[in-house]
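# Quick one, what's the 3D model for this:
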Amino acid sequence: MKLKYLKLISPLIFLSLTFLCRQVSASGIPALEPVVKDDRILILAPHPDDEAIACAGVIQEALKKKARIKIVYLTNGDHNQLAFIVYEKRLVFRKGEFIHMGEVRRQEAQKAMIGLGLKQEDLIFLGYPDFGTFAMWTRYWASPKPFKSLLTRMTKVPYPENYSYGRDYIPQNILSDLQKIIENYRPNKIFVSHPADTNGDHRSLNLFLSVAMWNLEGKIPRPRIYAYLVHHTGWPLKRKYHPDLDMPAPEDLKDAGRWLSLALEPKAVEKKYNAIGEYKSQTQSSAFYLFSFARKNELFQRFSRIKIDSSSTPNPASSAEYALKDNYLEILCTHPADSHDVSRMHIYVFGYREDIAFGDMPKIFIKVNTNSLIVFDGRKMLEEAKVELLSKGRDALIRIPLELLNNPRKALISARIFSNAAPYAQGIWLAAELEREK
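Numbers count the residues shown, from 1 in each chain. So this is what the prediction gives:
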């Protein structure tokens, strides 16, 4: 009887094991949820080429399954001076030349994506300032003047073909454009740049998306959001084109969220390589880096909803913990063991309330140097902020009055710790719900 029973269940065991194996990629990371025909996918790219670098495999899967897909480009990538000099083979100085290069990159994006099978109407270019959107995010919500691009010297979107043509370089415009596109398109999956990416435009796009999704709660079904990483210190290795290698998750971000992997067939890797190659204005100077993303898989990270209350809430990607106590937001930062004390930190806390426009909420930035701190609200220094700093050895406790933040219900927070002039923690931004004791 036992043998017959084993014979009966063995096919079931085999099928179960087969299913489980399919849920784990070759790199040992769980597999990304399959793309299906009913998906409405939105890819948010900080610059033309990020969509090919990080999501060319997703794009191919969507087209294969006949799913809907759109790509939104935050900038035209008009600030990469070194790449332009290599591409043009001459020095580039005049503002019109940088605007021209932004148009070149837009055309490269069209060629790359049409080559994969998308249509021109699937691509939406906003055209906000390359290398400027993080400054807009941190310092321009209450500014009387728009941001001015260093190279193009423009204060509004200069590209007539773009969705946001003529819009001022103010963060409210990025937020409203992004929110309108999402509300109209109603994606069920969004792929966006990572909140720990070392490139400011990549971080800011993730942050603008967080606020847009908060603003849209209850108006549209909440999509699944997947973060992709492009810029990260010492990652990925090896550089250059290695189609036979897996893309691993960076060690310091492994616990920040749940990593997922999309396995690519050799043909899909080759198509991805060709799509990246269409960005000739970039590959002529950075081919060794850009082509290193054409591998056997693509990586994405999903983040759980984070709640900060009276108990300690650790940030798994940095040496920081958060808590709400006595009408204060407490941030405990700890330096690594080889450091004698906490000498420098940059802390951002941007609160959110449903009943107040995000642009009208305080944008608090705290600079900690040894045993002193300076507090800003956007670009304005606050003399009487009542922020407390309690330091002891490797630990520093920063206490921020919730009143200073205008008593938010949610917040976007980053705590970046520096050691010997080098960043120890990358300062991954957290989107957190604040639950005060009743």
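
# Now tell me what touches stretch 136-156 from outside.
78-79, 81, 95, 98-99, 102, 128-132, 135, 158, 166-172, 174, 204, 207-208, 348, 358-359, 363, 365, 377-380 (Cβ atoms under 8 Å, 6 or more residues apart in numbering). No exception for glycine: its C-beta is placed from N, CA and C like everyone else's.

# Put the buried members of the residues you listed into a PyMOL selection.
Filtering those down to the buried ones (16 or more other Cβ atoms under 10 Å) takes a single PyMOL command:
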select buried, resi 78+79+81+98+99+102+128+129+130+131+132+135+158+167+169+170+171+174+204+207+208+348+358+363+365+377+378
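
# could you pull out the helices for this protein?
2-22, 50-64, 81-88, 95-116, 133-139, 171-185, 200-215, 266-277, 280-290 (DSSP state H).

# Give the closest residue to Val157 in space, chain neighbours not counted.
Distances taken as Cβ to Cβ, 6 or more residues apart in numbering place Gly127 nearest to Val157, at 4.1 Å, with adjacent residues excluded.

# can I get the helices of the chain in JSON lines with distance to Arg258?
As requested, the helices of the chain are exported to JSON lines (distance: least, Cβ to Cβ, whole Å):
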{"stretch": "helix 2-22", "distance to Arg258": "17"}
{"stretch": "helix 50-64", "distance to Arg258": "17"}
{"stretch": "helix 81-88", "distance to Arg258": "34"}
{"stretch": "helix 95-116", "distance to Arg258": "27"}
{"stretch": "helix 133-139", "distance to Arg258": "26"}
{"stretch": "helix 171-185", "distance to Arg258": "23"}
{"stretch": "helix 200-215", "distance to Arg258": "16"}
{"stretch": "helix 266-277", "distance to Arg258": "23"}
{"stretch": "helix 280-290", "distance to Arg258": "26"}
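
# quick one: contacts for Glu61?
So Glu61 contacts Pro34, Val35, Ala67, Leu262 (Cβ under 8 Å, 6+ apart).

# swap that for Pro243, sorry
Neighbours of Pro243 in contact, by Cβ under 8 Å, 6+ apart: Pro266, Val269, Glu270, Tyr273, Ala294, Arg295, Lys296.

# just for the stretch 251-400 of the chain, where's the confidence low?
317-318, 336-343 (pLDDT under 70).

# Okay, strands next: where are they in it?
258-263, 297-302, 306-308, 313-315, 320-325, 328-334, 344-352, 363-369, 372-377, 380-382, 388-392, 395-401 (DSSP state E, counting those that start in this stretch).

# Which one, of the ones you listed, ends up nearest to Ile29?
strand 258-263 (4.1 Å; Cβ to Cβ).

# Return the set of buried residues in that closest one.
Trp259, Leu260, Ser261, Leu262, Ala263.

# Likewise for stretch 362-378?
Buried residues in stretch 362-378 (16+ other Cβ under 10 Å): Pro362, Lys363, Ile364, Phe365, Ile366, Val368, Leu373, Val375, Phe376, Asp377, Gly378.

# do you know how far the second one is from Ile225?
Summarising the geometry, the distance separating Lys363 from Ile225, computed by Cβ to Cβ, to the nearest Å, is 23 Å.

# Spatially, what comes nearest to Ser210 if we skip its sequence neighbours?
Closest residue to Ser210 apart from its sequence neighbours, by Cβ to Cβ, 6+ apart: Ala431 at 4.6 Å.
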